[in-house]
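Peer 1: pasting the sequence and the predicted model now:
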Amino acid sequence: MAKTERKADHGDEALYALRHSTAHVMAGAVLDLFPGAKFGFGPPVQDGFYYDFDLPRPLTPDDLAMIEEKMREVVKRDTTFLHREMSVPEALKFFGDRKQDYKVEQIQKLGGADTEDEAGAGDAGRVSTYQHNGFVDLCKGPHVERTGKIGPFKLLSIAGAYWKGNEHNKQLQRIYGTAFFTTAELDEHLRLLEEARKRDHRKLGRELDLFMFHPFAPGAAFWTERGTTVYNVLNAYMREIQRDDYREIKTPLMYNRKLWELSGHWGKYRDNMFLVLDNESGEHEYSLKPMNCPSHYVYYASKTHSYRELPIRFTTYDVLHRNEKSGTLSGLTRVRQFQQDDCHVFLREDQIESEVKRLTSFILAYYESFGLKASLKFATRPNSRIGDDAMWDRAEGALQAALTATGLPYEINPGDGAFYGPKIDFDVADSLGRKWQLGTIQLDYAASERFGLEYVGEDNAPHRPVVIHRAVNGSFERFIAILIEHYAGAFPLWLAPVQAIVLPISDRHQEYAARVRDRIAAAGLRVELDDRQEKIGYKIREAQLQKVPYMLVTGDREAAEGTVSVRSRSAGDLGARSIDAFVAAASDEIATKSPGMAAPAEQKTA
């Protein structure tokens, strides 16, 4: 599954320097092998590094092996990494003489807003470079001392990447790689990558018939019957646990630009919105909504509220649309149409601490029901934001105090808050140890001022409520993608699209098998009947490949005794059980979300 590329953790400076140095060795090897090649950025990222190249021909997997071999030669030479600063005119001439157009462009913009690691900004009027074995790039470092200190590495893949991420620029070829200190670490990483490929939700989505995409609707999923079942079960679970303390509402999907101007999105988010042409004015006066926040404000403001009502929690599952760039779309993890389990809490300032504690416990318990563990991050004010520093000081102080009061450990994530307020983000680790940013609790002081939100206080005077933005799944689409990979497609019984399948051994067992199917379906389980004229071994293998939790085999003995032979997807043969006993055990497993039925000790299988 594709993940957002982000810089490697600078807390581990040694690993960062190792991967940074390996990236430079790779770039030098590419330029040696492809004379005339031009190169762009090449930073370390979370699990490795990459470099972008403008090459005379498309690369192949065989080229990666050739580049690796050239890299090993450079490592064996044990060349020193040399740091040198150049004046801007000197650097322009140096890279210009070598026809490195992308570097010349970088140098020309170093005084602007270029923030890439490889920008190489040094002191005023100068640029920083690093050199090894004749290869020179703009770079701030750090690096290992010599190429001989580079540990085991592997080039992983080739992808397309637009220069500076702009789809209007030329598409370059991006080479991904990784490096570690030991061979054991590299081997374990490669093992996890292979396991991740097997679990890729796009692959399993096809194999398990859960969803599809079509060019007529890029970035919008078609959910199959089975996929829709998973979607609806997940939505129903969220509705169930929010039934008593939340008010579910539905709001319009399209709004006039005046709403987005009021909220601040028209100025800061318009490029990500699907604009709608107004035939009367001839202008794009409307937009499909990319988020629910402003609509909840409008609804709240339509009535008078007392301090006794607060906190009020509005929740919505409406469809949202965001105009993501076509090159960034990736299965269910980056889409243009999706649903969020969106909630906005309107509360008094003195309720912030108790509400944050309540929401944090709610979110963590939800993840635990899927076997997911979360870590917390406190994100502070970004450079681009609304509101003055006094408002941000107040908001950050209140939210951090509330988070600290929960007693839970958390990290500080400077500058990553929403443009309207600080937030608590929940990073969830799946069964492969990969982390995904999912839930969020965002504290917003700006919304009340912008939308004139009020409540009548105990003093009978109007007061401004505080707003908390809360999401748990993030989007159902992305969360389902994560669950597919977390479970490798083998959903727990309560979430599985098909919970049991009845497998008659031969044609003469079809009638009894149909009665079994009907009785189990009447009890509320999602059950199917495989009445194909195939051998029972084939049917079992097919059901196993479809990751159906329980296979119920019916033959002469089962028909005579009114039982089914139960086979578990994970535990194997569980023996014969009455239909009522199976239904009772399955119903209990669904209600408690437990791992599964147990076989008698003598029947347990690996």
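Peer 2: Structure's in. What do you need? Because the structure is predicted, anything quoted here is derived from the model rather than measured.
Peer 1: and Leu310, what element?
Peer 2: Under the assignment given by DSSP states H and E, Leu310 is not contained in any helix or strand.
Peer 1: tally up the residues packed near it, please.
Peer 2: Applying other CB atoms under 10 Å, we find 20 other residues in the vicinity of Leu310. Yep, even glycine has a C-beta here, placed from its N, CA and C like the rest.
Peer 1: correct me, but it touches Asp350?
Peer 2: No - counting by CB atoms under 8 Å, no contact exists between Leu310 and Asp350, whose distance comes to 9.8 Å.
Peer 1: for Glu248, name its beta-bridge partners.
Peer 2: Beta bridges link Glu248 to Thr315 when assigned by DSSP bridges.
Peer 1: who are the contact partners of it?
Peer 2: 239, 242, 314-317 (CB atoms under 8 Å, 6 or more residues apart in numbering).
Peer 1: out of the helices and strands in this protein, which is least certain?
Peer 2: helix 265-268 (a mean of 83; mean pLDDT, DSSP states H and E).
Peer 1: for that helix, which positions count as buried?
Peer 2: Buried residues in helix 265-268, counted by 16 or more other CB atoms under 10 Å: His265.
Peer 1: packing partners of that helix?
Peer 2: Using 3 or more CB pairs under 8 Å, 6 or more residues apart in numbering; DSSP states H and E as the contact criterion, the neighbours of helix 265-268 among helices and strands are helix 257-263.
Peer 1: I'd like the average pLDDT over the helix it packs on.
Peer 2: For helix 257-263, the per-residue pLDDT values average out at 92.
Peer 1: what are the buried residues along that helix?
Peer 2: Burial within helix 257-263, assessed by neighbour count using 16+ other CB under 10 Å, is assigned to 257, 259-260, 262-263.
Peer 1: which of the residues you listed sits closest to Phe370?
Peer 2: Here the nearest of the buried residues of helix 257-263 to Phe370, counting by CB to CB, is Ser263; it sits at 32.7 Å.
Peer 1: sorry, back to before: just give me the closest of the buried residues of helix 257-263 to Asn169.
Peer 2: Comparing the buried residues of helix 257-263 against Asn169 with CB to CB picks out Trp260 as the nearest, at 28.5 Å.
Peer 1: compute the distance between that closest one and Leu234, please.
Peer 2: 30 Å (CB to CB, to the nearest Å).
Peer 1: check the contacts of Glu248 and tell me the two furthest apart.
Peer 2: It's Arg239 and Phe314 that sit farthest apart of those, by CB to CB, at 13.8 Å.
Peer 1: these two - which one has more neighbours?
Peer 2: Neighbour comparison, Arg239 and Phe314: the larger count goes to Phe314, with 20 against 14 (by other CB under 10 Å).
Peer 1: how close does that one sit to Glu454?
Peer 2: Noted for Phe314: a distance of 16 Å to Glu454, by CB to CB.
Peer 1: then Lys377?
Peer 2: With distances defined as CB to CB, the gap from Lys377 to Glu454 amounts to 32 Å.
Peer 1: what's the answer for Tyr255, then?
Peer 2: As for Tyr255, its distance to Glu454 is 22 Å (criterion: CB to CB).
Peer 1: now Arg257
Peer 2: Looking at Arg257 against Glu454, where the rule is CB to CB, the gap reads 25 Å.
Peer 1: could you do Phe153 as well?
Peer 2: 60 Å.
Peer 1: same check on Val583?
Peer 2: Here the criterion is CB to CB. By it, Val583 lies 54 Å from Glu454.
Peer 1: just Arg72 next, same as before
Peer 2: Remark: distance between Arg72 and Glu454 (CB to CB) = 69 Å.
Peer 1: for Lys547, which three-state class applies?
Peer 2: coil (DSSP: H, G, I helix; E, B strand; the rest coil).
Peer 1: now swap in Met86 and tell me
Peer 2: Remark: Met86 carries the secondary structure label strand [criterion: three-state DSSP].
Peer 1: hang on, the earlier thing: Phe153 and Glu454: which has the busier surroundings?
Peer 2: Neighbours were counted for Phe153 and for Glu454 using other CB under 10 Å; Phe153 has more, 24 against 16.
Peer 1: so for the more buried one, what's the pLDDT?
Peer 2: Spelled out, the predicted local distance difference test score at Phe153 is 96.
Peer 1: distance of it from Glu145?
Peer 2: Computed with CB to CB, the distance linking Phe153 and Glu145 is 17 Å.
Peer 1: quick one, what contacts Arg577?
Peer 2: Contacts here follow CB under 8 Å, 6+ apart; on that basis Arg577 touches 563-564, 566, 585.
Peer 1: those into JSON lines, with extra columns for neighbour count, secondary structure and pLDDT?
Peer 2: Formatted as JSON lines, the contacts of Arg577 follow (neighbours: other CB atoms under 10 Å; DSSP: H, G, I helix; E, B strand; the rest coil; pLDDT from 0 to 100):
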{"residue": "Thr563", "neighbour count": "20", "secondary structure": "strand", "pLDDT": "95"}
{"residue": "Val564", "neighbour count": "27", "secondary structure": "strand", "pLDDT": "96"}
{"residue": "Val566", "neighbour count": "22", "secondary structure": "strand", "pLDDT": "97"}
{"residue": "Ala585", "neighbour count": "19", "secondary structure": "helix", "pLDDT": "95"}
